[in-house]
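Quick one: sequence plus predicted model below, questions after.
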Amino acid sequence: MTSLNRRRFLTTAGAGAGALALGADRVVASQRTIATGSPEIVVVGAGAFGGWTALYLREMGFTVTLIDQYGPGNSRSTSGGETRQIRAVYGERDIYTRWVLQAFDRWTAREAEWGKKLFYQTGQLSLARAWTKELSDTRTVFDKLGVKYEVIKHDDLVRQYPQMNLQTIDFAMQTPSTGVLKAREGCVAVAQAFENKGGRSLTAKVELGRSAGGTLQDVTTSTGQRIAAQTFVFACGPWLPKIFPAVMKGKLETPRRVVFFYGTPPGDERFTYPNFPTWSVDNAYGFPSIEGQGFKMAPTFDRLLVDPDTQEHAPTAEELRKGRAFAAKWFPALANQPLVECKICQREDSVDQHFIVTPHPELSNVWLVGGGSGHGYKHGIVMGDYVAKRVVGRDDSPELAKTFALKAGSFLSREQ
C-alpha cells in the first residue's frame, strides 16, 4: 500500500478534515476552533478496534492521536495473547461471515505491505452431535455467500483425525479458508503502521475533560496533558464501563477467559500446524501448535466477571484441574503432556453479542466502540474501516447502525 498522498492530506487537514460525524442521525461540520498543533480526532484504545480505526483514519488523511493506557498488544487487553482464530461460523448473523470474507483479503494485503506473516490458514472444524439451529443457519449463509465447506461424517472424521477422541461426535462442518491470526504481533504492527504514516501515539490513562454545548472539548491524561479534538472515539472495550459508568451500565460485561497451551509429544507433529485444524466443541475451541507455542485449548468455565485492571493473570488450581480434564477427554495423547503456557484475559460481551458502535447519548462528538464479544479480533481489520467512515460522515453501510446500537438486557452465555 502506498503512503499518504501529501497534497490530499494537506488539503483535507487544512479544511478542518471535512465534515465530521457529530450526531447519530446527521452529519455537521464542526465550527469550533482547534488549537494550533492539537489533533482533530482522538482514538482511545489501541486494541483490535481502536488500532485499526486510528490507522484507517490516518490513511484517510485525518490528524489522529491514539491513546492506550498500557500500550498496543499489552497483556491486560482483550486483544492480548499470541493468537486468535478467524472463523466464519455465525449462524444467521451473516454480517460477521461477510466481514470475515473481506478480512481474508485485507490481512493478505497487510501481510504484503508490512512483510509479516500474521495469518495461518488451518481450516476449522465445528464438531457436533446434531444439527443445531446455528449450524443449520450457518450452512444457509455459506450457500448464499459461496463459502466453501464440507460436512464430514463420523467415520471419516475418525480416519482423518485419530489424535482426537470423537466417540460422541456425529459429524463436523469443515471450513477450509479459516485459520489463526497472530494477535499481539498484529496489534503492534497496526500501531507501528499508524505511527509510520504520521499518527501520534501516547501511553496514558484518559479521563473526560471539559464539555460545552453537548460536545466534549478535550480529554486529560495521566501524563498531565489536556488534548483537544473535534471527534473522540472510545474503542477501549472492557474499560468503556469505567469511563462511562452511567451510559454503559447493563450494556457490557467482562467475564474471565482462561486459555491453556499443552506441550506435544516429542517428534509428534500430529498436533502442529499445518497437520491439524482449529476446532470447536461443547462451547470450547482450540488451535494446533503454531511456532512451537503448544496445542491451544480454551474450555468454558463458570462465568466470572473481572476487573481488567486488577485481575490476576494466573490460573487457579480449579482452572488447572478443569483444563487438564478437558485435554484428557478430547486429546488422550496430550493427557500427560506438560502445560507449557497459560494466558488469562477477559471477554467484553454485549447483551446480544453484536458489536457496539454508537454516538454518546449526550456528547454528540463522542463515539463508543466495543462489544467484541469473543469475536472482535478477527473483524477488527474491517470494523476499523467501518468505524472510521462512520465517525467522519462517510458511512457506506447505514443499515448496520441499528445492529450496532447500544442495548440493554440479559447477557447471552454463548461462547464464541
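Here it is on my side, so go on. Since the model is a prediction, treat every value here as computed from it, not as a measurement.

how about Pro241, secondary structure?
Secondary structure state of Pro241, per DSSP: H, G, I helix; E, B strand; the rest coil, is helix.

quick one: it and Leu252 touch, right?
Yes. In terms of Cβ atoms under 8 Å, Pro241 counts as a neighbour of Leu252; the distance is 5.6 Å. For glycine as for every other residue, the C-beta is placed from the backbone atoms N, C-alpha and C.

Those two - which one has more neighbours?
Leu252 (25 against 21; other Cβ atoms under 10 Å).

For the more buried one, give me its contacts.
When contacts are counted by Cβ atoms under 8 Å, 6 or more residues apart in numbering, Leu252 is found next to 238, 240-241, 348-350, 356, 370-371.

Let's see the PyMOL selection covering just the buried ones among those residues.
In PyMOL, selecting the buried portion of the contacts of Leu252, with burial taken from 16 or more other Cβ atoms under 10 Å, looks like this:
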select buried, resi 238+240+241+348+349+350+356+370+371
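
can you tell me which of the contacts of Leu252 lies nearest to Asn74?
Checking these against Asn74 by Cβ to Cβ gives Pro238 as the nearest, at 12.6 Å.

So the closest one: helix, strand or coil?
Counting by three-state DSSP, the backbone at Pro238 sits in helix.

wait, it sits on Ser79?
No. Pro238 sits out of contact with Ser79 when judged by Cβ under 8 Å, with a separation of 10.7 Å.

Could you tell me which residues touch both of these two?
Taking Cβ under 8 Å, 6+ apart as the criterion, Pro238 and Ser79 do not both touch any residue.

Just give the number of residues close to Ala314.
Taking other Cβ under 10 Å as the criterion, the count of residues near Ala314 is 10.

Wasn't it part of a strand?
No. Counting by three-state DSSP, Ala314 is not found in a strand; it is coil.

what about the closest residue to it other than its chain neighbours, which helix or strand?
Setting aside the residues directly before and after it, Ala314 is nearest to Ile344 in space (Cβ to Cβ, 6 or more residues apart in numbering), at 6.9 Å. Mapping Ile344 onto the secondary structure by DSSP states H and E places it in strand 339-346.

Can you name the residues in contact with that strand?
If you take Cβ under 8 Å, 6+ apart as the criterion, strand 339-346 is touched by 75-78, 80-82, 238, 254-263, 293-294, 306, 308, 311-315, 320, 323-324.

Next: stretch 284-297.
For stretch 284-297, contacts defined as Cβ under 8 Å, 6+ apart pick out 82-83, 85, 120, 122, 180, 259-264, 271-280, 298-300, 323, 326-327, 330-331, 334, 340-341, 415.

residues of that stretch that come out buried?
Under the neighbour-count criterion of 16+ other Cβ under 10 Å, stretch 284-297 has 284-290, 293-297 buried.

residue boundaries of the helices in the stretch 101-250 of the chain?
The residue ranges that make up the helices of the stretch 101-250 of the chain, judged by DSSP state H, counting those that start in this stretch, are 133-145, 154-160, 183-196, 240-243, 245-248.

Of the contacts of Leu252, which is the nearest to Glu113?
The shortest distance between Glu113 and any of the contacts of Leu252, using Cβ to Cβ, involves Gly370 and amounts to 27.0 Å.

Which residues does the closest one form beta bridges with?
Bridge pairing for Gly370 (DSSP bridges) gives the partners Ile356.
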